[in-house]
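Colleague: return a 3D structure for these sequence lines:
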Amino acid sequence: MKQVLRFNKVIKSIIIAGDLCILNAVFITVYYMMNITTLGITFANSLPQLSVLLNLVYLLCNYSKGIVLHRRLVRPDHIIMRAVRNTFFHAVVFISLISLADFGNLSARFFVLFYSFFLIILIAYRLLFRHLLKSYRRRGGNSRTVVLVGNGENMIELHHELTDDPTSGFNVIGYFADTYSTHYPDTCRYLGQPAEVVPYLEHNNTEHVYCGLTSSHSKEIVPIINYCENHLIHFYSVPNVRNYLKRRMHLELIGNVPVLDIRQEPLAQPENRLAKRLFDIVFSLLFLCTIFPIIFIIIGLAIKITSPGPIFFKQKRSGEEGKEFWCYKFRSMRVNKDSDKVQATQNDPRKTRLGNFIRKTSIDELPQFINVLLGDMSVVGPRPHMLKHTEEYSKLIDKYMVRHLVKPGITGWAQINGFRGETKELWQMEGRVERDIWYLEHWTFMLDLYIIYKTVRNAIRGEKEAY
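Modeller: Coordinates of the predicted model:
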């Protein structure tokens, strides 16, 4: 146990040391590069002070956010997101302190170059380090000895989670239960009754005990907990709720009472909401100030020439928490009284001559970047539905309203997986809702970027479902 803890401390130290080397190397390189090319930096012997401040701020940011590379189960997108988040906070704090102190005039170009290079190299370094650590654990290094107590469905599933990936570094010795279980694989030995756990721990090196016994086994559970706490063994209680809750859950404490949140929402965390909102603002501003004016002139003229009526079509849609908002689109249909009630179909007679093209290429959706900038929508999220559809489908589809826990988006996980366009049958809308819920439960910044990439690619190719 002590050896593993020491190893993890060494890993953390190496990671931080590597981060600091990259940080200082990139900073000094960009610093002198821009001085040599006279790009507006006019420092007077301020490099030593800046370097000290640079490193102190980085250590502070990593102390508050922590290092996760050494953990057993960490996804690559978590590593990337943690690096992006730490770099963002470092930039905010470091630039703020420099602006308050008298360090001369650093140009915006300096910070853009510095943080861009640093973030790219940092992510590459951490992913490489994680790969090397996983390879080491695959060969048996830095492993943790695990014993399971119980043979319920939750424990069988836990065994698979611990052992399916050999790079996680868990060595499951066996299990204790009232009876032998055929559900465990042959490689997981039956070690005896729950009452025999403590004698086993006394004579065998064990670092983790996962217990799935119910409260009716309190006579066996309490001695196990007491022994573990007195001998530096990690004890984990595994609640048996997987038989009726087949999803990721989040543990919270209300006072001293543990409560399981049945739906984990990454966007419920303030830092994630902030990151997503900042991306929405920057992305929408860049689009609206560069590409959109050209598209507006071309498409606007084409709409006016091919059909009488306004360039934009606006319609009330259901947004976050069910709030109504005006959703904007380029008008692809003739002005009609059924626009708020009837969904567009493949051969809809209401479509204009230009309508098929702008719907097929998703150009009609581009004015929704205005909604994104206003805060009604996000670039990525569940598509907003007409109020009439929200009212109808909320009665027909179980958990339909869950999709409204986040802001609606211009594109989404459902859309890149084929669930867009007309929903002729109920199962099509059910599939869309299922994928919308999956998105809000598994959101990551990298997932948003992937969805944007797939959306652009599909738009260029032309989508069969878009009509």
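Colleague: so where is the stretch 301-450 of the chain shaky, pLDDT-wise?
Modeller: 336-349 (pLDDT under 70).
Colleague: hey, where'd the strands end up in it?
Modeller: Along the stretch 301-450 of the chain, the stretches classed as strands by DSSP state E, counting those that start in this stretch are 312-318, 324-330, 378-380, 409-411.
Colleague: which other residues reach the third one?
Modeller: Counting contacts by C-beta atoms under 8 Å, 6 or more residues apart in numbering, the residues outside strand 378-380 that touch it are 276-277, 279-280, 283-284, 369, 372, 406-412, 447-448, 451-452. C-betas here are computed from N, CA, C, even on glycine.
Colleague: and if you look at the first one?
Modeller: Defining contact as C-beta under 8 Å, 6+ apart, one finds that strand 312-318 is touched by 324-333, 339-340, 367, 384-387, 390, 404, 408.
Colleague: ok, the second one next?
Modeller: Judged by C-beta under 8 Å, 6+ apart, the contacts made with strand 324-330 from elsewhere in the structure are 299-300, 303, 311-319, 358, 363-368, 370-371, 376-377, 384, 387.
Colleague: which among those residues count as buried?
Modeller: Among those, those scoring as buried are 299, 303, 313, 317-319, 358, 363-368, 370-371, 376-377, 384, 387 (criterion: 16 or more other C-beta atoms under 10 Å).
Colleague: restricted to helices, list the residues you listed.
Modeller: Among the buried ones among the contacts of strand 324-330, the ones falling in helices (DSSP state H) are I299, I303, I358, Q368, I370, N371, L387.
Colleague: using a markdown table, please lay out those together with distance to Y236.
Modeller: As requested, these are exported to a markdown table (distance: C-beta to C-beta, whole Å):
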| residue | distance to Y236 |
| --- | --- |
| I299 | 58 |
| I303 | 61 |
| I358 | 55 |
| Q368 | 46 |
| I370 | 49 |
| N371 | 45 |
| L387 | 47 |
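Colleague: tell me which of these is nearest to S107?
Modeller: S107 lies nearest to I370 out of those, by C-beta to C-beta, at 32.0 Å.
Colleague: what helices and strands are in contact with the helix or strand hosting L148?
Modeller: Per DSSP states H and E, L148 falls inside strand 144-149. Counting by 3 or more C-beta pairs under 8 Å, 6 or more residues apart in numbering; DSSP states H and E, the packing neighbours recorded for strand 144-149 are helix 153-163, strand 170-176, helix 197-203, strand 208-211.
Colleague: show me what secondary structure element comes after the shortest one.
Modeller: It stands for strand 208-211. helix 218-230.
Colleague: in that following helix, what's buried?
Modeller: Across helix 218-230, burial judged by 16+ other C-beta under 10 Å covers E220, I221, I224, Y227, C228.
Colleague: in CSV, list those residues along with pLDDT and distance to Y136.
Modeller: Formatted as CSV, the buried residues of helix 218-230 follow (pLDDT from 0 to 100; distance: C-beta to C-beta, whole Å):
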residue, pLDDT, distance to Y136
E220, 89, 36
I221, 92, 35
I224, 94, 31
Y227, 92, 31
C228, 90, 27
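Colleague: include distance to V197 when you put those into TSV, please.
Modeller: What follows is the buried residues of helix 218-230, written out as TSV (distance: C-beta to C-beta, whole Å):
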residue	distance to V197
E220	7
I221	9
I224	5
Y227	8
C228	9
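Colleague: can I see the domain layout of this protein?
Modeller: The chain breaks down into these domains under automatic domain parsing: 2-138, 144-246, 270-461.
Colleague: show me what the helix or strand harbouring R273 is packed against.
Modeller: Element membership for R273, per DSSP H and E: helix 270-289. Judged by 3+ C-beta pairs under 8 Å, 6+ apart, the packing partners of helix 270-289 are helix 76-100, helix 368-374, strand 378-380, helix 445-461.
Colleague: buried deepest among the ones you listed, which one?
Modeller: strand 378-380 (a mean of 26; mean count of other C-beta atoms under 10 Å).
Colleague: direction included, what does that strand pair against?
Modeller: strand 409-411 (parallel) (DSSP bridges).
Colleague: which residues are contacting the partner strand?
Modeller: 362, 365, 368-369, 372, 377-383, 451-452, 455.
Colleague: for H90, see how far away Q368 is.
Modeller: Separation of Q368 from H90 (C-beta to C-beta, to the nearest Å) stands at 33 Å.
Colleague: again, but for N230
Modeller: For N230 relative to H90 (C-beta to C-beta), the value is 41 Å.
Colleague: one step back: contacts for the strand holding L148?
Modeller: 4, 72, 155, 158-159, 162, 169-177, 188, 191, 194, 197, 200-201, 205-213, 224.
Colleague: can you flag the buried ones in the residues you listed?
Modeller: Buried among the contacts of strand 144-149 (16+ other C-beta under 10 Å): 72, 155, 158-159, 162, 169-170, 172, 174-177, 188, 191, 194, 197, 200-201, 206-213, 224.
Colleague: picking up where we left off before, tabulate the helices and strands packed on helix 270-289 in a markdown table, adding columns for distance to W438.
Modeller: Formatted as a markdown table, those follow (distance: least, C-beta to C-beta, whole Å):
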| stretch | distance to W438 |
| --- | --- |
| helix 76-100 | 15 |
| helix 368-374 | 22 |
| strand 378-380 | 13 |
| helix 445-461 | 10 |
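Colleague: for I291, find the nearest of those.
Modeller: Nearest to I291, of these and by C-beta to C-beta, is helix 368-374 at 9.6 Å.
Colleague: please identify the most buried of the domains of the chain.
Modeller: Of all these, domain 270-461 carries the top mean neighbour count, a mean of 17, counting by mean count of other C-beta under 10 Å.
Colleague: what is the end-to-end distance of that domain?
Modeller: By C-alpha to C-alpha, to the nearest Å, the extent of domain 270-461 from end to end equals 37 Å.
Colleague: what's the answer for stretch 432-449, then?
Modeller: First residue to last in stretch 432-449 (C-alpha to C-alpha) measures 20 Å.
Colleague: next, the angle helix 76-100 makes with the biggest helix by length in the chain.
Modeller: For the chain, the longest helix by residue count, based on DSSP H, is helix 2-36. With axes from the mean of the first three to the mean of the last three C-alpha atoms, to 10 degrees as the basis, helix 2-36 and helix 76-100 are set at 50 degrees to each other.
Colleague: right, and the helix or strand after helix 2-36?
Modeller: helix 47-65.
Colleague: who touches that following helix?
Modeller: By C-beta under 8 Å, 6+ apart, the list of residues contacting helix 47-65 from outside reads 16, 19-20, 23-24, 27-28, 31, 43, 82, 85-86, 89-90, 93-94, 97-98, 101, 103.
Colleague: okay, it in CSV with CA atoms only?
Modeller: Provided in CSV are the C-alpha atoms of helix 47-65 (Å, rounded to 0.1, in the frame of the first residue of the first chain):
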residue,chain,number,x,y,z
LEU,A,47,12.0,38.1,-17.3
PRO,A,48,13.1,36.8,-13.8
GLN,A,49,10.1,38.3,-12.0
LEU,A,50,7.7,37.1,-14.8
SER,A,51,9.1,33.6,-14.6
VAL,A,52,8.6,33.4,-10.8
LEU,A,53,5.0,34.7,-11.2
LEU,A,54,4.4,32.4,-14.1
ASN,A,55,5.4,29.3,-12.1
LEU,A,56,3.6,30.3,-8.9
VAL,A,57,0.3,30.8,-10.7
TYR,A,58,0.7,27.5,-12.5
LEU,A,59,1.3,25.6,-9.2
LEU,A,60,-1.7,27.4,-7.7
CYS,A,61,-4.0,26.4,-10.6
ASN,A,62,-2.8,22.7,-10.5
TYR,A,63,-3.2,22.7,-6.7
SER,A,64,-6.8,23.8,-7.0
LYS,A,65,-7.7,21.5,-9.9
